[in-house]
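> Sharing a model that was predicted from the sequence below.
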Amino acid sequence: MTEAAPPTMLSRPALVRMAVLAATLVAVGWMMDHLGLRQLLATQWMDAEIKGHGWQGIGLFLVVSALSMSVGVPRQIAAFMAGYAFGLPLGSGLALVAALLSATGIFYYAHYMGRDWLTRRFPKAFVWLDQFLSQNTFAMVLALRLVPFSSNLATNLAVGVSGARFFPFLAASVLGYLPQTVAFALLGQGATIDPVVNWVMVVVLIGASSALGLHMWRKTKKRVASDGTV
């Protein structure tokens with residue numbers, strides 16, 4: 001009896017998925033650079049296309065913001081511009097919705113396009129990442145969302161290719177996005193309130209968010225190390 005051949009690291013479906021992923025990123029990057037999409041989230045564009053345009057402006061802001069964040073534009077920029085165009089309550093809500101739309105799209109895109117390829121290409125490293133994020137999804141995502149220096153896009157991609165469940169990822173994203181979204185929306189609408197009060201509130205929100213995020217990160221790492229599991 002002959003032995004079955006081991007599965008190849010680069011099967012045809014995996015290669016197709018990776019080709020689609022690469023082509024998509026190249027196409028989006030080209031559009032961002034050559035069609036001026038990187039400059040869309042600027043005050044001039046917001047004044048011309050978003051402010052005072054009702055539901056059409058809201059819809060356009062959500063689409064452009066979600067797409068921009070999906071290719072690495074910081075979510076804080078979208079929050080700032082939302083505060084500038086819509087004020088604090090509505091601006092914070094719209095920026096949060098845009099960030100969640102981007103996170104959801106990248107989560108599922110990475111899951112279906114990259115998971116099989118990474119499993120075959122880096123089996124040992126992927127098993128560790130998969131187990132770690134699957135078992136600590138809520139805590140780790142919340143910690144990364146709270147700190148201002150973490151990469152939003154990298155977090156979405158890493159959790160997406162892992163076996164993490166979507167709803168803990170989404171719940172942690174909602175809670176983790178909120179403090180900085182409100183803080184930068186405050187900055188965006190800063191001309192309408194006392195500048196000192198505005199900056200004090202922003203510093204408090206970002207400081208508290210960062211401190212809580214770092215605390216959760218260290219606590220989760222310590223618990224994982226003490227349990228001896230991922």
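Yep, that arrived. Every value quoted in this text rests on a predicted model; they were computed, and no experiment measured them. Numbering: from 1, shown residues only.
> going forward, measure contacts between C-alpha atoms and count neighbours the same way
OK.
> Residue 65 touches residue 98, doesn't it?
Yes: at 6.0 Å, residue 65 counts as touching residue 98 under the criterion of Cα atoms under 8 Å.
> Helices along the chain, start to end?
12-34, 43-45, 54-70, 75-86, 88-121, 123-135, 137-146, 152-161, 166-188, 195-227 (DSSP state H).
> If you average pLDDT over each of those helices, which is lowest?
Confidence, taken as mean pLDDT, is least for helix 12-34 of the helices of the chain (a mean of 54).
> Return stretch 57-70 as CSV; C-alpha atoms alone will do.
Provided in CSV are the C-alpha atoms of stretch 57-70 (Å, rounded to 0.1, in the frame of the first residue of the first chain):
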residue,chain,number,x,y,z
GLY,A,57,-22.9,63.3,3.0
ILE,A,58,-23.3,60.8,5.9
GLY,A,59,-23.3,57.9,3.5
LEU,A,60,-20.3,59.2,1.6
PHE,A,61,-18.3,59.8,4.8
LEU,A,62,-19.0,56.2,6.0
VAL,A,63,-17.9,54.7,2.7
VAL,A,64,-14.7,56.8,2.3
SER,A,65,-13.7,56.4,6.0
ALA,A,66,-14.3,52.7,6.1
LEU,A,67,-12.3,52.2,2.9
SER,A,68,-9.5,54.5,4.1
MET,A,69,-9.1,52.6,7.4
SER,A,70,-9.1,49.3,5.5
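> what comes up buried for that stretch?
57, 58, 61, 62, 64, 65, 66, 67, 68, 69, 70 (16 or more other Cα atoms under 10 Å).
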